[in-house]
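Visitor: Task: produce atomic coordinates for the following.
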Amino acid sequence: MDKAIPPTNTLMYFFFAFIAMVGTSYINFLPGVVNALAGSIGFSEAEAGQIVALNIYGALSGSIAAVFLIGKVNWKCVLALFLVLLATFDLSTSWISDYIIMLVWRFIAGFIGGFCMGISFSILARLASPDRAFGALLFTQFGICFVVLAILPSLEAILDPYAVFYVMGVLSLVSVCILFTLPDQSLKADAPTEIKGRIINKTGAALLMSALMLYLCAANAIWTYVGLIGLNAGIAEQNVNNAIAITSLLGLIGALLPVLIGKRLGRLFCIISGIVFSIIAAFLLSLKPMSIGYYVIAMSLIFFAWPAVNAYLLATTAEMDPSGKLSSIAALVSLFGAASGPMMASGLIGDGDFTSMLYSCSAIFIVSAIFSIRPTQQQTPDVTFANANQA
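Guide: Okay, here's the model as predicted:
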């Protein structure tokens with residue numbers, strides 16, 4: 001398959017991934033953003049939630065706009081311009097204290113970041129190994145999340161309550177510097193002639209986008225309330241915090257799986273295995289009574305599976321449409337799924353009882369697995385399953 005941008009080494013994959021992550025980096029450390037807005041900055045909890053929501057809605061709008069420009073613009077120049085604009089909006093957020101102005105400001109910042117994310121996803125799809133590319137993306141996301149949440153309290157003490165926005169601005173500026181180290185080729189508007197015949201199976205694309213959205217919806221629903229689930233089970237708060245912090249590092253290992261092994265085990269095998277781990281995690285979290293041991297095991301399973309499943313679904317998307325446009329749509333779908341999870345979960349929780357929510361997440365995981373089978377098998381014959389069938 002002809003690729004417009006062939007990175008020369010593994011480090012280049014992480015450079016591309018870092019740039020793709022930056023546009024919506026705040027989603028990775030969203031609790032820190034909300035805490036800052038509703039804390040010393042002075043907005044109420046409701047206002048903080050609305051500001052963050054407008055930020056994400058702006059990102060959704062920007063991702064939609066990016067879809068229509070794939071292959072029509074010089075991606076390097078456009079990203080450089082928009083990343084500088086994003087850094088400007090993030091760094092200047094500290095000048096704003098009015099609620100309405102903050103809503104508009106963060107919506108515009110979200111639009112710019114979402115546009116960068118959409119363009120960047122189309123680039124990741126054009127790399128030589130999309131499995132490694134999206135694995136590097138998920139590794140970068142989990143790594144940045146861990147680092148920022150760890151240093152944010154110290155930064156706020158040294159600087160001011162807007163420190164989280166300074167971090168976002170600095171990440172954008174760093175990505176601009178990285179951008180100039182990347183290959184200078186332009187993305188091709190058209191796919192190679194030999195693969196045009198299989199672009200795009202609309203049914204397969206719809207199933208794949210649905211599988212991606214459903215998985216992220218369920219995973220984010222559990223992530224949003226995992227702390228409260230532990231506390232509600234009678235586990236000490238410090239033990240809950242320690243368990244989440246330690247097991248979240250497994251996300252880095254899960255993200256490295258596609259980077260290190262690619263699709264040698266078969267994408268479908270890895271996707272289904274990861275979803276099964278997620279279902280087991282949801283079941284363990286629903287146990288009553290639940291011990292700290294079960295809690296840690298559940299967290300380990302879902303944090304390991306989450307980035308691996310996400311990366312392999314995105315890699316399948318990239319192979320389905322080598323032009324990168326479907327991957328740009330996948331960026332939009334990912335944002336929608338991530339935003340829908342907490343909303344769905346909030347409607348299923350009753351007076352501290354998370355059982356209905358966790359059972360619903362299990363069902364959603366199952367549907368996601370079913371939806372992923374056909375498009376994944378159509379793109380890449382699964383070596384593991386094929387050998388099993390022959391046996």
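Visitor: so where is the chain shaky, pLDDT-wise?
Guide: Along the chain, segments meeting pLDDT under 70 span 1-9, 31, 45, 184-200, 262, 323, 379-391.
Visitor: Give me the buried positions along the longest helix belonging to it.
Guide: Longest helix in the chain, counting residues (DSSP state H): helix 202-232. The neighbour-count check on helix 202-232 (16 or more other C-beta atoms under 10 Å) flags 204-205, 207-227, 229-230, 232 as buried. C-beta: built from backbone N, CA, C; applies to glycine.
Visitor: Let me know how buried residue 39 is, in neighbour terms.
Guide: 13 (other C-beta atoms under 10 Å).
Visitor: just to revisit the earlier point, what's the first helix or strand after the longest helix of the chain?
Guide: helix 237-248 (DSSP states H and E).
Visitor: quick one: contacts of that following helix?
Guide: The contact list for helix 237-248 (C-beta atoms under 8 Å, 6 or more residues apart in numbering) reads 142, 145-146, 226-227, 230-231, 235, 292, 295-296, 299-300, 303.
Visitor: next one: the longest helix of the chain to chain centre, how far?
Guide: Relative to its parent chain, helix 202-232 has a centroid offset of 11 Å by C-alpha atoms, centre = their mean, to the nearest Å.
Visitor: you'd agree residue 207 is up against residue 369?
Guide: No: applying C-beta atoms under 8 Å as the test, residue 207 and residue 369 come out as separate, 11.4 Å apart.
Visitor: and the direction of the longest helix of the chain versus that of helix 237-248, what angle?
Guide: Helix 202-232 and helix 237-248 meet at an angle of 150 degrees, taking axes from the mean of the first three to the mean of the last three C-alpha atoms, to 10 degrees as the criterion.
Visitor: list the helices and strands helix 202-232 packs on?
Guide: helix 237-248, helix 267-285, helix 292-320, helix 325-346, helix 355-379 (3 or more C-beta pairs under 8 Å, 6 or more residues apart in numbering; DSSP states H and E).
Visitor: so which of those helices is the most packed in?
Guide: helix 292-320 (a mean of 25; mean count of other C-beta atoms under 10 Å).
Visitor: Return the angle between stretch directions for that one and helix 325-346.
Guide: Going by the same axes, to 10 degrees, helix 292-320 makes 150 degrees with helix 325-346.
Visitor: centre of the chain versus helix 292-320, how much separation?
Guide: On C-alpha atoms, centre = their mean, the centre of helix 292-320 falls 11 Å from that of its chain.
Visitor: Let me know the angle separating that helix from helix 355-379.
Guide: 30 degrees.
Visitor: could you give the angle of helix 292-320 to helix 267-285?
Guide: Using the same axes, to 10 degrees: helix 292-320 against helix 267-285 is 150 degrees.
Visitor: From the contact counts, what lies against helix 292-320?
Guide: helix 99-124, helix 130-158, helix 202-232, helix 237-248, helix 250-261, helix 267-285, helix 325-346, helix 355-379.
Visitor: residues contacting residue 209?
Guide: Residues in contact with residue 209, defined by C-beta under 8 Å, 6+ apart, are 317, 329, 330, 333.
Visitor: how about a markdown table for those residues, with distance to residue 282 added?
Guide: Below are the contacts of residue 209 laid out as a markdown table (distance: C-beta to C-beta, whole Å):
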| residue | distance to residue 282 |
| --- | --- |
| 317 | 25 |
| 329 | 28 |
| 330 | 24 |
| 333 | 22 |
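Visitor: And these, which is closest to residue 279?
Guide: residue 333 (21.3 Å; C-beta to C-beta).
Visitor: you'd agree the closest one is up against residue 213?
Guide: Yes: under the criterion of C-beta under 8 Å, residue 333 makes contact with residue 213 at 4.9 Å.
Visitor: now that we're looking at residue 126, how far away is residue 166 from it?
Guide: 33 Å (C-beta to C-beta, to the nearest Å).
Visitor: Please identify which of these two sits among more neighbours.
Guide: Shown here are residue 126 and residue 166; by other C-beta under 10 Å, residue 126 has more neighbours (27 against 17).
Visitor: Fine by me, thanks again.
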